[in-house]
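>>> 3D model of this:
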Amino acid sequence: MRKTSASLLLLALTTACGDRGNAGSAGDDASGPATATEASASGDDGPSSGTDGTADSTGGDTTGDAPPDTDLPPLPELTGVQLRIVGDAANIVFDPWEGAVDYRVYPLPADDDITVGDDGSVIVEDAIYRCAGHREGLYMLEDVVSPDEGWNDNAAGGATILARDVLGYTRAEADAVLGYVYTTAGEGRIPVYVLGDPDPGGEGGPSCGRPVFQASRPKLYTTDAALRDQRIAQHWRDDGIAFWVPASAGAGTKPVFEGNFGDGVTLRWVDGPEAQTRGAGETVFEILSAPEDGAIELYRVHVAPYCSRSHDELVAGSTRFARARSEGDQPLTAVRWSGLTASTTLVVEALDHGCPYLGNLSPQHQDPFVEEFGEEVLEYEGYQTPDDMRALSPTGELFVNGQSDDGVVPRAVARSFVTAAPELPTMDFYASFPESEDFYASFGASTGNVYAQYFEAPGYHLSSYANSNIHFGTMFGELWFAYNDIAADVNGKVRLTPSQTAQVGAEGFLHVQTEVDIISTDRRYPQIIISDRIAPVQDDLASGTTMIVQPKDMTPTQLQVQICDHRTWDVNDQCPRLPTFVDDWAPNSPLPGERTGSDNAVTIDVYLSSTRLYLLLDGQQYACTDLPATSFEDGATYAPPVGEVTVTWGDVLYHSGVDFAAGGGAIAGNTYLFHRTHLQKTTRRHFDNLGFSSGVAAPAWNEALTPCSGAGA
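Okay, the predicted model is just below:
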């Protein structure tokens, strides 16, 4: 199993006691800049996967640990398996498996708990499966090239072209397959590196207002490692290795050609009718002419974003092709297992069918109910606990994040194993929400009403605003919220603030760590709130200064940073945004929206001083802002909160009845389908490994690659 680039930032992690909120000395932040350990069972670092972190780049021959002695039937191994430990959670990514519909992870069961049917089906007694589900998001139009055909779609990032004219040559669907490439390293093979063009116009700039995907940006494909390093130094985005190709031309190979046409449009083709039209182009690399063991199809799709240059995108395999072609909801190649208490062998499987949907997961049970909004009666399917869901399972197995409605029990088609152990950092405050502690039971009876409801516990204040139902507590070693805004029509919010405070100043940084799922729209998203106000922070924002970090807007999205300077904040009254990226080139940081899933989580690290803000995403450099900073929205200059501050983790659900809409109308089709079907009027969010420390050093940071923006007066 391989290590990704964040492994370069490893620091030793010290196991801490008191998961609910341990106390360490000020500045004792042993989590380090990456906040995560990336472990490799094989010791083979393998090639870099780039900044994406979603395993969309091929991962080579990194299949995980050697298979243990188990009664699970043998299956092919996944490739590109990467393990990243954050606190007590294992986050695992891998290459897509051709034909797989879903993925899952679970602890290796005892042989006595495994039943193998005559038809090869496998049932694991009392199993808990954490299923990947879909990367839900917006989409690309397909072969739509004019307004009359519906080209001007606010929810689309543009169009992809297979069977239309592309700059003077009419392509057919069969032309999408150029040949065959390898997905793993091997003798006689060389990697093809892929890099994203740093031209700020390559993603349309902030004024575009349309979805931007990893495939939206024009690419450089090269086998030249020195050229790759040179381009990275010139701010090209490192998307890792796309695939492997033959090291030299031979009887079974053919060249891929490349050329620029029109207004800098890069096209790629092979010998045949298109080559006769395009003429001679530059040979980029050789590919296989026919399939062979270990090789899959190399697909080409022409990507025409609304606000940037069209280009030909190259991807290995039908799964990556479907994503580049259509975007929208696609199988997420990432799974997560939280609540580790000791070294554990985890089983990671690709599935032939989606995991079955068993209910609206919640820490507490609530029967189906109705709410009235004027003359409209709103029906809700209620909230189901893990025990409720297990009772509905045809096999007694619990499928967490199942998204398939037909009740079919999936079968594994590929399998890998990884060994993971918890590594809890020492921080001033740290909470990993172990299963052994009943977080909900520590709170007393609530006060207030549904418009402002308050819960108190030793060490915590929790508030709920405009939610007719609020459920929270520990599940699977995480903190989960499940709630609904009143009548699907108001500004629902939840806030959790530890009693322990932190410090922001000129000497050292406040480091805040957060693991959270970031399925987001412009009406539902998580937040990190740093304020000089005490809990309930939401009630007193106008009296102080508050910084908010949030992945707002429809997927794919970026992280936003806002400053509320002696003013309130609400979902329909946002505070001014600060710049996070410089204007000279497009961001070379990972795209948060490419890794969003309902059960997956990303790690957001905030390092804040009075003069600078650093953001890291899954241990990788994301953005840097000099403070005070000038907002690009109102032109005013804003400073962060300083002195004693509180740290709050929150979530919002705003007028959910009209969520999942863009450009004045509801979205449809294969976009946010699971949420539109089951969570339109409710939401759930899970947090884990929450912590902060004051007075720590700045994270290791390459400012040449990720320069700081935003300096103001």
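
>>> Tabulate the CA atom coordinates of stretch 367-378 in PDB.
Backbone C-alpha positions of stretch 367-378 (Å, rounded to 0.1, in the frame of the first residue of the first chain) are rendered in PDB as follows:
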ATOM      1  CA  ASP A 367     -41.400   7.600  14.000                       C
ATOM      2  CA  PRO A 368     -42.500   9.100  10.600                       C
ATOM      3  CA  PHE A 369     -44.200  12.400  11.100                       C
ATOM      4  CA  VAL A 370     -45.900  15.300   9.300                       C
ATOM      5  CA  GLU A 371     -45.500  19.100   9.500                       C
ATOM      6  CA  GLU A 372     -47.900  21.700   8.100                       C
ATOM      7  CA  PHE A 373     -46.700  24.700   6.100                       C
ATOM      8  CA  GLY A 374     -49.700  26.800   5.300                       C
ATOM      9  CA  GLU A 375     -52.100  24.500   3.500                       C
ATOM     10  CA  GLU A 376     -49.300  22.100   2.600                       C
ATOM     11  CA  VAL A 377     -48.800  19.000   4.600                       C
ATOM     12  CA  LEU A 378     -45.100  17.800   4.600                       C
END
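
>>> And that stretch, what's buried?
Across stretch 367-378, burial judged by 16 or more other Cβ atoms under 10 Å covers 371, 378. For every residue, glycine as well, the C-beta is placed using N, CA and C.

>>> Give me the distance between that stretch and the centre of its chain.
Computed by Cα atoms, centre = their mean, to the nearest Å, the separation of stretch 367-378 from the middle of its chain amounts to 33 Å.

>>> Need the mean per-residue confidence for that stretch.
Summarised as a single mean, pLDDT over stretch 367-378 is 91.

>>> Identify the residues contacting that stretch?
379-382, 468-469, 486-489, 657, 681 (Cβ atoms under 8 Å, 6 or more residues apart in numbering).

>>> Tell me which stretches of the stretch 451-600 of the chain form strands.
452-457, 460-465, 467-475, 478-485, 491-498, 502-504, 509-516, 524-531, 545-550, 560-565 (DSSP state E, counting those that start in this stretch).

>>> Filter the contacts of stretch 367-378 down to just the buried residues.
Buried members of those, counted by 16+ other Cβ under 10 Å: 380, 382, 468-469, 486-489, 681.

>>> Identify whichever of the strands of the stretch 451-600 of the chain lies nearest to residue 406.
With Cβ to Cβ as the measure, strand 478-485 is the member of the strands of the stretch 451-600 of the chain nearest residue 406 (24.0 Å).

>>> Summarise which helices and strands that closest one is packed against.
Using 3 or more Cβ pairs under 8 Å, 6 or more residues apart in numbering; DSSP states H and E as the contact definition, the elements that strand 478-485 packs against are strand 467-475, strand 491-498, strand 643-654, strand 683-696.

>>> after the lowest-mean-pLDDT helix or strand in the chain comes which helix or strand?
When the helices and strands of the chain are scored by mean pLDDT, DSSP states H and E, strand 37-39 comes last with a mean of 39. Sequence-wise, the next helix or strand beyond strand 37-39 is strand 82-86, with elements assigned using DSSP states H and E.

>>> Let me see the mean pLDDT of that following strand.
In this model, strand 82-86 has an average pLDDT of 97.

>>> Same check on stretch 422-432?
Taken as a whole, stretch 422-432 has a mean pLDDT of 98.

>>> what's the distance between the spatially most central residue of the chain and residue 689?
A centroid search over the chain (Cα atoms, centre = their mean) returns residue 595, at 2.3 Å, as the residue closest to the centre. Noted for residue 595: a distance of 17 Å to residue 689, by Cβ to Cβ, to the nearest Å.

>>> and if you look at residue 572?
Plainly put, residue 572 is 31 Å away from residue 689 if you go by Cβ to Cβ.

>>> When these two are compared, which one has more neighbours?
With neighbours defined as other Cβ atoms under 10 Å, residue 572 and residue 689 compare such that residue 689 has more, 31 against 8.

>>> If I follow the layout properly, the residue nearest to the centre of the chain ends up in contact with residue 135?
Yes: because the distance of 7.4 Å satisfies Cβ atoms under 8 Å, residue 595 is recorded as touching residue 135.

>>> Pull up the pairing partners for the helix or strand where residue 345 lies, direction included.
Assigning secondary structure by DSSP H and E places residue 345 in strand 344-351. When pairing is defined by DSSP bridges, strand 344-351 lines up against strand 102-107 (antiparallel), strand 412-420 (antiparallel).

>>> Check those for me and report the most buried one.
Mean neighbour count (mean count of other Cβ atoms under 10 Å) peaks for strand 102-107 among the strands paired with strand 344-351, with a mean of 23.

>>> hmm, back to that, per-residue pLDDT, the residue nearest to the centre of the chain?
Residue 595 is assigned 84 on the pLDDT scale.

>>> All the helices of this protein, residue numbers only.
All helices of the chain, identified by DSSP state H, fall at 225-233, 273-278, 318-326, 386-392, 673-678.

>>> Which of those sits closest to residue 114?
Ranking the helices of the chain by proximity to residue 114 (Cβ to Cβ) places helix 386-392 first, at 17.8 Å.
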